[in-house]
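Colleague: need coordinates for the following:
(one chain, ligands or ions: 1)
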Amino acid sequence: MSEKNSSVWAKSIPIKEQIRVIVTLVRMAKPFRKMFFGALAIGAAFALLQAAAPRIIAYYMTTYLQQRDSVTLQVMISFAVLVAVIRVSQAVADALNAYYFTVAAEYALEDIRVQVFRKLHTLGMRFFDQVPAGSLVTRVNNDTASLADFWRFFMQLTFVVMSMIGAYIGMLTVSVKATLLMLIVVPFIVGSVILYQRFSSSLFRHMRERLSHLNAKIAESITGIDVIQEFYQEDRFKKSFAKVNGEYFNARFRMVKADALLLEPMVDMLLGAAMVLVFWYFGVMSMSTVVSAGVIYAFTTYLNNIFSPLESVMNLFSPFQEGLVSGYRILGILADDTYAPAQNVDAKQDITAGKIAFQHVDFSYDGQHQILKDLNFTANPGDTVALVGHTGSGKSSTINALMRFYEFQSGNILIDDHDIRDIALKNIRQKMGLVLQDPFMFFGDISSNIRMYDDTITDEQVKAAAEFVGADKFISALPGNYHAKVQEGGSGFSAGEKQLISFARAIVRDPKILILDEATANVDTETEALIQKSLLKMRQNRTTIAIAHRLSTIKDADLILVLDKGEVVEHGTHEELLQLQGQYYDLYRLQGITNDSN
Ligand SMILES: Nc1ncnc2c1ncn2[C@@H]1O[C@H](COP(=O)(O)OP(=O)(O)OP(=O)(O)O)[C@@H](O)[C@H]1O
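Modeller: Now for the predicted structure:
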């Protein structure tokens, strides 16, 4: 399994790296800092009110309630109004804090989602070879969503710190000595937080790793459903699913158990210990002086104010960790430099005639295994050059290099005698029409799939292209004709129909060069005849590079290149190659025999 494929949960991210991720993510939220700071300021106001309330109530209790006949109706109403105002302000501050924070986080997430999506579309095929599509969908969607928890953790943490400071200041105004005594619990709080974080993070990582395995298993079983059914693999998949599902359940169970049995009791025990200290201290004090109930009330309320948000911040450790890992992966994509091959800086040449020349081209996907070796050929404008050879001989790789999907390492590819890197990429995409074995259909309708959302292409041009390739007949029979709905992937259309639509898609741009990769591999004989007819028309006045396993389809090619392990081992016309009685001859004879026997 490649590095990019392995679960990031299998190992912990080094501390230095975690800090880098945190700093970068905080920086990425900078455009929304006003809202984040607004939320923080409101949080601070909330903490202030939270600190003031117990002090006011304590004063009311000590001054009025503990003295017989000192409370009047006016005092009662005044305090009731004061407490009500504080409570309502607290509720408003709480709501505004949540609102501003959520809005800021959503804006920041949307921004990051756009950045990741845009970045993906600058990356080259090599990147997509290494990272499965499913995992990229998770990257763009789920990972960015997890960042919300990452920011929530920081907000909560700041809130806890502010609440703690507020509570300690409030306690100081009640009793300096008791407050100093309360400082004893601080190292215990910090120690427990660190201990819990370590423990819970290892359980959480384990759980996430199991979840990755479970997701991979589900994805595999759905992607391969046809082969699973065909080869009667259901039982094997049921068993292996039960195994990974059981492992995930156990890992989750351990985590839930730790949260339930450890987190709450731990915080409760700390709170209990702090309470004992308070009661012990004031107990001792009461031996020499009167201790007001209001003081006890204020202290116990302040302790609650410290410990309740502490529990919620500890509860956010796992989501924070998830956010951190998501951030790590997102930054990984944003920093990835597996870009699509670059054109020269001032590349502005165009393709006018369609001459193609490969000169001593060497090509490798990974820089280690050489796939094409010293490839040389010339296709003059209007020529058809066919690439034939055994599977894995390098036919598609030749096209990958020509289409600039992958960078070639040495030699030259010239189009109309210009270095291919000097031709604007837009011109390459427009003037070179590529037809793949299994063309992809986009969600929309037939018309949008032919014009590929290029508004400069008119309805008449779309229809003319469809008529030219012979697709008009079946399109006209569809309900809605050119506006017939197309699902993503093109389910509901036969292989031949998809092929014809992709011909129209290629031809509507009137390309100078046509590239056909196994264009007739998936269809029946009748459709093949139709396809061959349209291909013949499409090839007129266009340079064509065609890959074909069925040699009968490229007999009329001007040049046939026989590839073997990335090298041209034979070249010439059909007749010349038959006379040579080499590899082509063998392949052709084999196909002739196979066809006859069919
Ligand atoms: N994306 C890729 N990354 C790494 N290696 C690749 C990639 N695509 C193809 N290869 C390797 O390059 C070699 C040539 O493959 P290529 O697809 O060009 O062969 P082909 O002649 O088109 O085969 P086929 O007729 O089966 O399509 C093979 O050994 C293959 O494993």
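
Colleague: can I get the CA coordinates of stretch 321-336 in PDB?
Modeller: Taking Å, rounded to 0.1, in the frame of the first residue of the first chain, the C-alpha atoms of stretch 321-336 are listed here in PDB:
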ATOM      1  CA  GLN A 321      -8.000  15.200  17.400                       C
ATOM      2  CA  GLU A 322     -10.100  14.200  14.500                       C
ATOM      3  CA  GLY A 323     -10.000  17.900  13.300                       C
ATOM      4  CA  LEU A 324      -6.300  17.900  13.700                       C
ATOM      5  CA  VAL A 325      -5.900  14.800  11.500                       C
ATOM      6  CA  SER A 326      -8.300  16.200   9.000                       C
ATOM      7  CA  GLY A 327      -6.400  19.400   9.000                       C
ATOM      8  CA  TYR A 328      -3.200  17.500   8.500                       C
ATOM      9  CA  ARG A 329      -4.600  15.700   5.500                       C
ATOM     10  CA  ILE A 330      -6.100  18.800   4.100                       C
ATOM     11  CA  LEU A 331      -2.800  20.700   4.400                       C
ATOM     12  CA  GLY A 332      -1.200  17.600   2.800                       C
ATOM     13  CA  ILE A 333      -3.400  18.100  -0.300                       C
ATOM     14  CA  LEU A 334      -2.900  21.900  -0.400                       C
ATOM     15  CA  ALA A 335       0.900  21.300  -0.300                       C
ATOM     16  CA  ASP A 336       0.900  18.500  -2.800                       C
END
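
Colleague: pull out the buried residues from that stretch.
Modeller: With burial defined by 16 or more other C-beta atoms under 10 Å, the residues of stretch 321-336 counted as buried are 321-331, 333, 336. Any C-beta I mention is one placed from the backbone N, CA and C, and that applies to glycine too.

Colleague: filter those residues down to just the ones in strands.
Modeller: If you go by DSSP state E, the buried residues of stretch 321-336 have nothing in strands.

Colleague: adding distance to T398, write those residues out as TSV.
Modeller: Output for these, formatted as TSV (distance: C-beta to C-beta, whole Å):
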residue	distance to T398
Q321	47
E322	44
G323	45
L324	44
V325	40
S326	40
G327	41
Y328	38
R329	35
I330	36
L331	36
I333	30
D336	26
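
Colleague: what does the chain put close to the ligand?
Modeller: D129, Y365, I371, G389, T391, G392, S393, G394, K395, S396, S397 (C-beta under 6 Å from any ligand atom).

Colleague: can I have the buried ones of the residues you listed as a ChimeraX selection?
Modeller: Buried members of these can be picked out in ChimeraX with the line below, counting by 16+ other C-beta under 10 Å:
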select :371,389,393,394,395,396,397
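
Colleague: so among the residues of the chain next to the ligand, where is pLDDT lowest?
Modeller: Comparing pLDDT over the residues of the chain next to the ligand, the lowest score belongs to D129 (80).

Colleague: ok, now how distant is that one from D366?
Modeller: Distance, D129 to D366, using C-beta to C-beta, to the nearest Å: 9 Å.

Colleague: show me the contacts for S410.
Modeller: H360, V361, D362 (C-beta atoms under 8 Å, 6 or more residues apart in numbering).

Colleague: tell me the pLDDT at it?
Modeller: 89.

Colleague: what's the answer for F249, then?
Modeller: 95.

Colleague: equivalent analysis for the one 4 residues further on, please.
Modeller: Reading off the per-residue confidence, F253 sits at a pLDDT of 91.

Colleague: next one: the one helix or strand it maps to to chain centre, how far?
Modeller: Assigned by DSSP states H and E, F253 falls within helix 234-258. Relative to the chain's own centre, helix 234-258 is displaced by 25 Å; criterion: C-alpha atoms, centre = their mean, to the nearest Å.

Colleague: tell me the buried residues in that helix?
Modeller: F237, V244, E247, Y248, A251, R252, M255, A258.

Colleague: check which element follows it along the chain.
Modeller: helix 264-286.

Colleague: hmm, who's touching that following helix?
Modeller: With contacts defined as C-beta under 8 Å, 6+ apart, helix 264-286 is touched by 177-178, 181-182, 184-185, 188-189, 192, 196, 291, 295-296, 299-300, 303-304, 306-307, 310-311, 314.

Colleague: switch the cut-off to 6 Å
Modeller: A178, L181, V185, S192, V291, F299, L303, F307, E311 (C-beta atoms under 6 Å, 6 or more residues apart in numbering).

Colleague: redo these as CSV? Include distance to V75.
Modeller: Listed next are the contacts of helix 264-286 as CSV, based on distance: C-beta to C-beta, whole Å:
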residue, distance to V75
A178, 27
L181, 32
V185, 35
S192, 42
V291, 23
F299, 23
L303, 28
F307, 32
E311, 36
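
Colleague: for the residue of the chain positioned farthest from its centre, which three-state class applies?
Modeller: Largest separation from the mean C-alpha position in the chain: D69, at 69.4 Å (C-alpha atoms, centre = their mean). With DSSP: H, G, I helix; E, B strand; the rest coil as the basis, D69 sits in coil.

Colleague: what ranges in the chain fall below the confidence cut-off?
Modeller: Scanning the chain for pLDDT under 70 picks out 1-12, 134, 518-523, 592-598.

Colleague: ok, longest helix in it?
Modeller: Longest helix in the chain by number of residues, with DSSP state H as the criterion: helix 73-120.

Colleague: report all helices and strands that that one contacts.
Modeller: Counting contacts by 3 or more C-beta pairs under 6 Å, 6 or more residues apart in numbering; DSSP states H and E, helix 73-120 is packed against helix 33-60, helix 144-174, helix 317-335.

Colleague: rewinding a little: which of the residues of the chain next to the ligand sit farthest apart?
Modeller: Within the residues of the chain next to the ligand, D129 and G389 form the most distant pair, 21.6 Å apart (C-beta to C-beta).
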